[in-house]
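Asker: Quick one, what's the 3D model for this:
(chains A, B, C and D)
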There are 2 protein chains.
Amino acid sequence: MADKATGGESLLFLTDEQLRKGIEAMFFAYRGFTSDPDRILDTMDYGRAHHRAVHFINRSPGATVGHLLTILGVTKQSLNRVLRSLFDDGLVEARVGKTDKRERRLHLTDKGAALERALSDAQRARMRAAYRAAGPQAVQGFRTVLEAMMDQDQRRQYQGLKESNP
Amino acid sequence: MADKATGGESLLFLTDEQLRKGIEAMFFAYRGFTSDPDRILDTMDYGRAHHRAVHFINRSPGATVGHLLTILGVTKQSLNRVLRSLFDDGLVEARVGKTDKRERRLHLTDKGAALERALSDAQRARMRAAYRAAGPQAVQGFRTVLEAMMDQDQRRQYQGLKESNP
DNA sequence: TTGGAATGTCAACAAGGCTGACGTAAATTC
DNA sequence: GAATTTACGTCAGCCTTGTTGACATTCCAA
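Answerer: Modelled structure (predicted):
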């Protein structure tokens, strides 16, 4: 009678207590996840919002402002404040779209790329250490659960990387 | 020559590209993770900070303000603003410490417990769905990686639950 | 009895969200 | 060719949640 629906596996991992542990694991781990880049950003006049913008511009060079808006899920006013300071400091540059001149295609400058590298080096170092300590099997599970936790739209943006230059 | 240091396992999961995927997985998943409670909180006059307070008071009834401060990692002024509104609305009550009368032991009222349940029900539902979709093996890996990603202090707080009533 | 710890509180400020309204240039549609 | 829509920018104002700094109270402990 036991383990009927699971093909022999117990469902102990679905108890409320286990779920609470998972929730707190997300909370504490996310703090660690952001702490290293945060420390770097604090020394400059930037915050996490700048980090996110720089990250995704680096990931998809030539992305439009609108594209960034949907990925980040903020208002254009909020994003604009961040972008403006990145322009002013010469970290990001905008090129008028070739086919559609209303668009502004965003690119990192050398200086911007350098900051991106510094930030992601720090973040990757922690991630690498965690991955190495946990092993490939665990990493596989980690990614599987995180993906299952996303919203539909978010999952699509997470999976699709190639359509930044349409 | 290959797989020398890993006992036969490839290290493909440690490439920069894999790490970047992991970073973005955290980003998108955390958004999903917080979205359901956020929707509830939005209908009231509360925010994520209230959620966190209510969560940890529920987890460790009788915790002192100082204990909460170290768990949440914010300043007392910031926490106090949140706690005051929770007091005013009758969600949390403070009882003077028995041995040390300076301390205020925090407890949820029935009303507070009801809110906590609503919030964590929503959050657990998503977590449960993700866990169920991913399976126990993946969940194990998920927890392992998250734990490895925490700071020392955070990991200690994550693991130790019993010392709230010292 | 006195120093320090635990707590509360006032004031001021910043980052980074939000809404609403308005403007401009380019593309698209009619 | 005119009208509408789209992409983007900007001004103004508001909220939450974090921060520092200063100061008061209460009470434990040496």
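Asker: what's the nearest residue to the most centrally placed residue in chain A if we skip its chain neighbours?
Answerer: Against the mean C-alpha coordinate of chain A, by C-alpha atoms, centre = their mean, the closest residue is residue A:52 at 6.8 Å. Ranked by C-beta to C-beta, 6 or more residues apart in numbering or on different chains and with sequence neighbours excluded, the top spatial neighbour of residue A:52 is residue A:72, at 5.9 Å. The C-beta positions use only the backbone N, C-alpha and C, and glycine is treated the same way.
Asker: orientation of the helix of greatest length in chain A relative to helix B:16-43 in degrees?
Answerer: When chain A is parsed with DSSP state H, its longest helix is helix A:16-43. Relative orientation of helix A:16-43 versus helix B:16-43 (axes from the mean of the first three to the mean of the last three C-alpha atoms, to 10 degrees): 110 degrees.
Asker: I'd guessed residue A:25 sits against residue B:143; true?
Answerer: Yes: between residue A:25 and residue B:143 a contact is recorded at 5.7 Å, counting by C-beta atoms under 8 Å.
Asker: Give the full set of residues in contact with the residue in chain A that DNA strand D sits nearest to.
Answerer: Closest to DNA strand D within chain A is residue A:66: 2.7 Å, counting by C-beta to the nearest atom of the strand. Shown in contact with residue A:66 (C-beta atoms under 8 Å, 6 or more residues apart in numbering or on different chains): residue A:103.
Asker: so where does it fall, helix or strand?
Answerer: Per DSSP states H and E, residue A:66 falls inside helix A:65-72.
Asker: same thing with residue A:83?
Answerer: Using DSSP H and E, residue A:83 falls in helix A:76-88.
Asker: do residue A:107 as well
Answerer: Per DSSP H and E: strand A:104-108 holds residue A:107.
Asker: Give me the nearest residue to the residue in chain A positioned nearest to DNA strand C, chain neighbours excluded.
Answerer: Of chain A, the residue with the smallest distance to DNA strand C, taken as C-beta to the nearest atom of the strand, is residue A:47 at 1.4 Å. Closest residue to residue A:47 apart from its sequence neighbours, by C-beta to C-beta, 6+ apart: residue A:41 at 5.9 Å.
Asker: again, but for residue A:74
Answerer: residue A:49 (7.9 Å).
Asker: Ok, residue A:158 next?
Answerer: What sits nearest to residue A:158 in space, not counting adjacent residues and going by C-beta to C-beta, 6+ apart, is residue B:28, at 4.8 Å.
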